[in-house]
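J.: Here is my input, please return the structure:
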Amino acid sequence: MSYLRVNTLLFVILIVLTACSDAKLMTPATEGEKLQILYNDAMELVKKRDFVDAALLFEDIERQYPYSKWSNQAQLMSGFCYYKSRMYNDSLDALERFIALYPGSGKISYAYYLRALNYFEQVNDVERDQVSTAKAKKAFKEVINKFPESEFAIDALSRIDILNDRLAAKEMEIGRFYQFDHQWISAINRYNMVLKQYKTSIYTEEALHRLVEIYFSLGLHEEAKRYAATLQFNFPGSDWYIKSYELVKDLS
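T.: Below you'll find the model as predicted:
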């Protein structure tokens with residue numbers, strides 16, 4: 001699912017959820033009129049893509065009417081608007097409150113998914129610390145485990161694959177550093193971590209080849225041939241296998 005389609009889906013789902021909830025919001029007449037005006041104004045700002053001002057107005061609704069049925073919807077909407085404004089910490093604050101206060105809400109799966117997207121958007125470059133990557137992966141796993149039948153589970157799975165590639169890339173970067181510095185054991189441990197924890201990532205082939213290189217350099221030819229054979233079996237047409245084959249082809 002493309003990011004554009006996901007963003008469109010997020011907006012459509014939220015509008016539908018809001019429309020479905022309007023008929024259920026019961027407050028005294030005077031309070032209801034004030035709330036309706038505030039809420040409609042906030043939704044108009046959302047439609048105009050003025051997400052920051054909309055988020056602030058939704059937060060006003062939450063603060064002014066904390067015990068009304070409007071409060072939880074406004075809280076979720078503020079989380080969405082802050083997310084669209086790339087104000088991820090503010091979005092997470094709103095979503096964490098919603099999850100804690102309304103665990104039985106019909107919109108709870110959306111809240112968990114939106115929380116995961118906040119972490120996903122904060123994922124750093126491979127060269128930097130991957131704390132956000134790990135948090136995003138954990139959050140998407142929660143979506144899958146808690147709401148496997150929801151419309152968000154499939155996208156959560158695809159994003160975990162992306163995150164695994166990123167985490168594997170970091171391990172490969174460190175492994176190469178150790179390898180080229182002749183810190184063989186540390187390099188082997190990093191490459192094996194890729195094979196064990198991120199075996200479906202795009203770096204599996206390279207990790208196998210790097211292990212062939214290391215064991216060949218150490219004179220451990222049986223180990224080198226074993227990893228080359230694994231590479232051949234799983235990725236017979238791989239460029240990495242061709243490189244490994246060139247190393248081991250003359251070994252007895």
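J.: so how far is stretch 190-203 from its chain's centroid?
T.: Its chain's C-alpha centre lies 18 Å from the corresponding centre of stretch 190-203 when counted by CA atoms, centre = their mean, to the nearest Å.
J.: Which positions in that stretch come out as buried?
T.: 190, 191, 193, 194, 195, 198, 201, 203 (16 or more other CB atoms under 10 Å). C-beta here means a position set from N, CA and C on the backbone, and glycine is covered the same way.
J.: Run through the helices of this structure in chain order.
T.: Taking DSSP state H as the criterion, the chain contains helices spanning 3-22, 29-47, 51-64, 70-84, 88-101, 108-121, 131-146, 153-180, 184-197, 204-217, 221-234, 239-248.
J.: Please identify the deepest-packed of those helices.
T.: When neighbours are counted by mean count of other CB atoms under 10 Å, the highest per-stretch mean among these falls to helix 70-84, a mean of 25.
J.: returning to that earlier point: okay if I get the helices of the chain as a markdown table plus mean pLDDT?
T.: Compiled in a markdown table, the helices of the chain are given as follows (pLDDT from 0 to 100):
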| stretch | mean pLDDT |
| --- | --- |
| helix 3-22 | 56 |
| helix 29-47 | 79 |
| helix 51-64 | 89 |
| helix 70-84 | 91 |
| helix 88-101 | 94 |
| helix 108-121 | 95 |
| helix 131-146 | 93 |
| helix 153-180 | 94 |
| helix 184-197 | 96 |
| helix 204-217 | 96 |
| helix 221-234 | 95 |
| helix 239-248 | 94 |
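J.: I'd like the buried residues of stretch 190-203 as JSON lines, with distance to residue 170 appended.
T.: Output for the buried residues of stretch 190-203, formatted as JSON lines (distance: CB to CB, whole Å):
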{"residue": "190", "distance to residue 170": "9"}
{"residue": "191", "distance to residue 170": "13"}
{"residue": "193", "distance to residue 170": "10"}
{"residue": "194", "distance to residue 170": "10"}
{"residue": "195", "distance to residue 170": "15"}
{"residue": "198", "distance to residue 170": "10"}
{"residue": "201", "distance to residue 170": "11"}
{"residue": "203", "distance to residue 170": "10"}
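J.: Pull the most distant pair out of those.
T.: Among the buried residues of stretch 190-203, the pair separated by the greatest distance (CB to CB) is 190 and 201, at 13.2 Å.
J.: Identify the contacts common to those two.
T.: Both residue 190 and residue 201 lack any common contacting residue under the criterion CB atoms under 8 Å, 6 or more residues apart in numbering.
J.: Look up the closest residue to residue 209, ignoring the ones flanking it.
T.: Once flanking residues are discounted, residue 209 sits nearest to residue 240: 4.0 Å by CB to CB, 6 or more residues apart in numbering.
J.: Assess the claim that the one you found and residue 208 are in contact.
T.: Yes. Taking contacts as CB atoms under 8 Å, residue 240 lies within contact range of residue 208: 6.8 Å.
J.: quick one: common contacting residues for the two?
T.: Between them, residue 240 and residue 208 have residue 231 as joint contacts when contacts are counted by CB under 8 Å, 6+ apart.
J.: OK, contacts around residue 230?
T.: Applying CB under 8 Å, 6+ apart, one finds that residue 230 lies in contact with residue 208.
J.: Revised request: answer the last question for residue 215.
T.: Going by CB under 8 Å, 6+ apart, the list of residues near residue 215 reads 221, 223, 224, 227.
J.: Among the residues you listed, which pair sits farthest apart?
T.: For those, with distances taken as CB to CB, the pair at the greatest spread is 221 and 227 (11.0 Å).
J.: Surely residue 198 is in contact with residue 170?
T.: No. Contact criterion CB under 8 Å: residue 198 and residue 170 do not qualify, at 9.9 Å.
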